[in-house]
Every structure is written in C-alpha cells, then in structure tokens.
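Predicted model follows, preceded by the sequence.
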Amino acid sequence: MVEIAIIGASGYTGGELIRLIHNHPKAEVKSISSRKYEGMDVSKVHSNLIGSDLIFEDLKSDSIDADVVFTATPHGASMKIIPKLLENGVKVIDLSGDYRFRDISTYEKWYGLTHTGELDAVYGLPEIHREEIKKSNLIANPGCFPTGAILATIPLSKKKLVDRIVIDSKTGVSGGGASPSESFHFPNVSDNVNPYNVISHRHMPEIQQELEAFSNVRVSFTPHLVPVIRGILTTSHSFIRENNDISSEKLIKIYKKQYKDEPFVKILENNEIPKLNSVRGSNYAHIGSFEVDETGRIVIVSAIDNLVKGASGQAIHNMNLICGFNETDGLNHYGLTP
Ligand SMILES: NC(=O)C1=CN([C@@H]2O[C@H](COP(=O)(O)OP(=O)(O)OC[C@H]3O[C@@H](n4cnc5c(N)ncnc54)[C@H](OP(=O)(O)O)[C@@H]3O)[C@@H](O)[C@H]2O)C=CC1
Ligand SMILES: CC(=O)N[C@@H](CCC(=O)OP(=O)(O)O)C(=O)O
C-alpha cells in the first residue's frame, strides 16, 4: 500500500481526497493535517466520513512520513510547505496554483505574491502531460476552471483551427473553499448569477499557457457564480482562422480521435449538451455541443465536478500515474444524477 498524507485536510478538496482514497485499492490515507482541528476526529469536520478512524494532526513538513503528500492548501501556503517535502524524498501533488506556471513572473503578476523559487513541477493535466507526469516528483494539479476550459478547446489549438477563444464558465460555490464569506452568503448566491473578476481572473493566464503551447491563440475568460454546490459548466466560443472549413461532424471526429484512449473524457454526440448534475461526484469531463455558426464561431461545452475532475479526483489520477497504478484506480465510478 502506498501511504498518503494530506495537508489542508479540513478543507473541501482535502475532504474529497479522503473520501475518494477510501475506495482506492493500492493507497491508504495514513495522516491528515489541520492546524485548526488538531486532535479532532475527521468526521467532526467532514460528517460524511463518520466511521473513519482518522484524526487531524498539525503535521510539520519536515517530519511527515508518507510516500505521497497532497497539499490541499491555499496558494502562497503550498510553496512554503513543499520544498522540505521534496528534500525528504516525498512525491508531492499540489492542488494550489503555486507551481502551475512555467514562468514565475506570470504567477507573481496574477497572484500578487513573491514566489519562493522555481521547482521542477509538471502541470498535472493527464490528457496533455501524461508522460512527464509519470516521471515527476512534483505535480501542479490544474485549476478547476482551466481543467474544463482546456479539455473543451485543446483539440482546436492542436489543429490550429482557431485564433481566438472566449471562455464563459459557471461555477458552484464549493469552488471558493470552506471558509464563509459575503460573496458566498446564501442570500447573495441564491436566485442569482454573479459574474466576477470579469477580465482579471487568475485562471486566464493558466488556460492561455496550456493552449498557446500548441498554436497562437488568444484567450479571454469570465467566471460566474451560480447557486449550485458542485460543478463547472464551461461554454467556449472559438473563432475559426481564415481559410479553415470546419463542420460539426468534422469537430466530433477530431475530438473523438483526440480523446479515444482517455478514461475520464466523454464526448457527447448529436450536438448534445453536457449536464452539470451528470458529472457530480465523478472524475469525468463531459464535452458536447460541437456547433458551428455562420459567423465562424465554434461552440463547445464541457461539464466537470470542480472538486473531483477539477481538483481531488484529478490529483488521484496524477498519483496513479506517478505510482504506476491503473489510471482509473479509486476513480472508476459514474456521477450522481439526479
Ligand atoms: N475548491 C475547489 O473547487 C478547488 C480548489 N483548488 C485549490 O485547492 C486548494 C484547497 O482548496 P479548498 O479545499 O477549496 O480550500 P479550503 O479553504 O476549503 O481548505 C484549505 C485548507 O488549507 C488549510 N490551510 C490554510 N492555510 C494554511 C497554511 N498556511 N498552512 C497549512 N494549511 C493551511 C486550512 O486548514 P486548517 O486551517 O484547518 O489547517 C484549510 O482547511 C486551494 O489552493 C484551492 O485554490 C483547486 C481546484 C478546485
Ligand atoms: C467560486 C470560486 O470562488 N472559485 C474559485 C476557484 C478557484 C480555485 O479553486 O482555483 P485555484 O486552485 O487556482 O485557486 C475562484 O474563482 O477563485
């Protein structure tokens, strides 16, 4: 059994890691860290985990004894914890944005923080970086919005079909983490749709980084908060480069080929639209629509669960890759609809 420690285990993604690893055939959570809940049973914070004998400890990174550590901590905190873990020979999967950028100055500009220093990290989107992930000791798990947006559009960038991509995403409130705040207060969220950071969300440069690795595309991104708990529905509008002739049927062929061996990406046919509640609780990304309009716009829609494919499930997929397990170990279940 591979032994796991989770730092930030009292948060939403930490709770999902514990829930999902509980069903993993080759990995076991040995220790969970929380500063606030040190000494308390895990089920006092994550009531769904009643029956588990895990108890929160305030783990220090220089004394953690584990094969793999998940840092489910906020950006800024992860980069202070991780260097020591790597020095001690532990493999690390970080759920924050701290190691996602190949260029530190992009991170510093968008996160408004000084970085503590570059480390050899791989961007943990298995559908693009599978072979590098297998060889890495530090995985930068992708952001939740970038996961849905990149999966919806990367085949277009790879084929150099489009030059402009506008991403419009709707997210559930669990994306904001477990700490209460005014923006997530029930009366402010309920019966409402709230766009935020309309031209300045830090996930825009992350999406841009991955898409422009294949062709010259410009990305814009606007997120909206909607009154659901889990899920991200992304509508991507991509504008066809001059002299390209593309139809809905051709698009579906391209996407099916691109994702034919991917265990967690499902392509919907007949212009079907993905549903948020079909992916709830699962590690699947559903991709559909594949419409082309008369103005030269391609519309592709994706749905993921932000806490699973957008965070903890994808992190476990990455663990499976770095540990040489079957990619679907611990993740082989459908969503929870209705
Ligand atoms: N929620 C989501 O959908 C997604 C989140 N992410 C990223 O994953 C990470 C975790 O997110 P999420 O679970 O939602 O966040 P939460 O706020 O729910 O949990 C984060 C946990 O980290 C711990 N923590 C905070 N600061 C520190 C610190 N300085 N040192 C050690 N531990 C600390 C806290 O636990 P305690 O105070 O008990 O120690 C807290 O419970 C973040 O970087 C987030 O951006 C990525 C994709 C999706
Ligand atoms: C609803 C909501 O607030 N969502 C968060 C999602 C961010 C997130 O978790 O992403 P990182 O891993 O890059 O921090 C946001 O928009 O900031």
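Yes, it's here. Because the structure is predicted, anything quoted here is derived from the model rather than measured. Ligands and ions are numbered 1, 2, ... in the order given.

For the one helix or strand Leu17 maps to, name the packing helices and strands.
Following DSSP states H and E, one finds Leu17 within helix 12-21. Here helix 12-21 touches strand 2-7, strand 27-33, helix 313-323, going by 3 or more C-beta pairs under 8 Å, 6 or more residues apart in numbering; DSSP states H and E. Any C-beta I mention is one placed from the backbone N, CA and C, and that applies to glycine too.

deepest of the ones you listed, which one?
Most buried of the helices and strands packed on helix 12-21, by mean neighbour count (mean count of other C-beta atoms under 10 Å): helix 313-323, with a mean of 25.

Can you find the residue of the protein that comes nearest to ligand 2?
Gly175 (3.1 Å; C-beta to the nearest ligand atom).

so what's that residue closest to, chain neighbours aside?
Asn306 (4.9 Å; C-beta to C-beta, 6 or more residues apart in numbering).

Need the per-residue pLDDT for the one you found.
Asn306 carries a pLDDT value of 98.

can you give me phi and psi for it?
Note on Asn306: its backbone torsions stand at phi -60, psi -30 [degrees, to the nearest 10].

which bits of this protein sit near ligand 2?
Proximity of the chain to ligand 2, by C-beta under 6 Å from any ligand atom, involves residues His75, Ser96, Gly97, Gly143, Cys144, Thr171, Val173, Gly175, Gly176, His203, Pro223, Leu225.

What is the burial count for the residue lying closest to Leu119 once chain neighbours are set aside?
Nearest residue to Leu119, sequence neighbours excluded (C-beta to C-beta, 6+ apart): Leu138, at 5.7 Å. Using other C-beta atoms under 10 Å, Leu138 has 21 neighbouring residues.

quick one: Leu138 from Ile18, how far?
22 Å (C-beta to C-beta, to the nearest Å).

again, but for Val166
Taking C-beta to C-beta, one finds Val166 at 37 Å from Ile18.

Compare these two (neighbour count), which wins?
A direct count of neighbours by other C-beta under 10 Å for Val166 and Ile18 places Ile18 higher, at 22 against 15.

The more buried one touches Ala5, doesn't it?
No: using C-beta atoms under 8 Å, Ile18 is not in contact with Ala5, being 11.2 Å away.

Spit out the residues that contact those two alike.
Overlap of the contact sets of Ile18 and Ala5 (by C-beta atoms under 8 Å, 6 or more residues apart in numbering) consists of Val29, Ile32.

coming back round to it: pretty sure the residue nearest to Gly175 contacts Gly231?
Yes: counting by C-beta under 8 Å, Gly231 is a contact partner of Asn306 at 6.4 Å.

need the next SSE after the host helix or strand of Ile254, C-terminal direction.
For Ile254, the host element (DSSP H and E) is helix 248-258. Next helix or strand after helix 248-258 toward the C-terminus (DSSP H and E): strand 265-267.

Which strands or helices does that following strand pack on?
Going by 3+ C-beta pairs under 8 Å, 6+ apart, strand 265-267 lies up against helix 248-258, strand 285-292.

List of residues touching the first one?
Surrounding helix 248-258, the residues in contact under the criterion C-beta under 8 Å, 6+ apart are 154-155, 158-159, 267, 269, 271, 287, 290-292, 298, 300.

Which one (most neighbours) among these?
Ile287 (27 neighbours).

Now it: closest residue in space that isn't a chain neighbour?
Ser302 (4.9 Å).

beta partners of Val122?
Ile139 (DSSP bridges).

Isn't it up against Lys134?
No: taking contacts as C-beta under 8 Å, Val122 lies outside contact range of Lys134: 9.2 Å.

Between the two, point out the one with more neighbours.
Neighbours were counted for Val122 and for Lys134 using other C-beta under 10 Å; Val122 has more, 21 against 15.

who's in contact with that one?
Val122 neighbours (C-beta under 8 Å, 6+ apart): His129, Glu132, Ile133, Lys135, Ser136, Leu138, Ile139, Ala140.

Figure out how far the helix or strand where Ser278 lies is from the centre of its chain.
According to DSSP H and E, Ser278 maps onto helix 276-279. On the basis of C-alpha atoms, centre = their mean, to the nearest Å, helix 276-279 sits 16 Å off its chain's mean C-alpha point.
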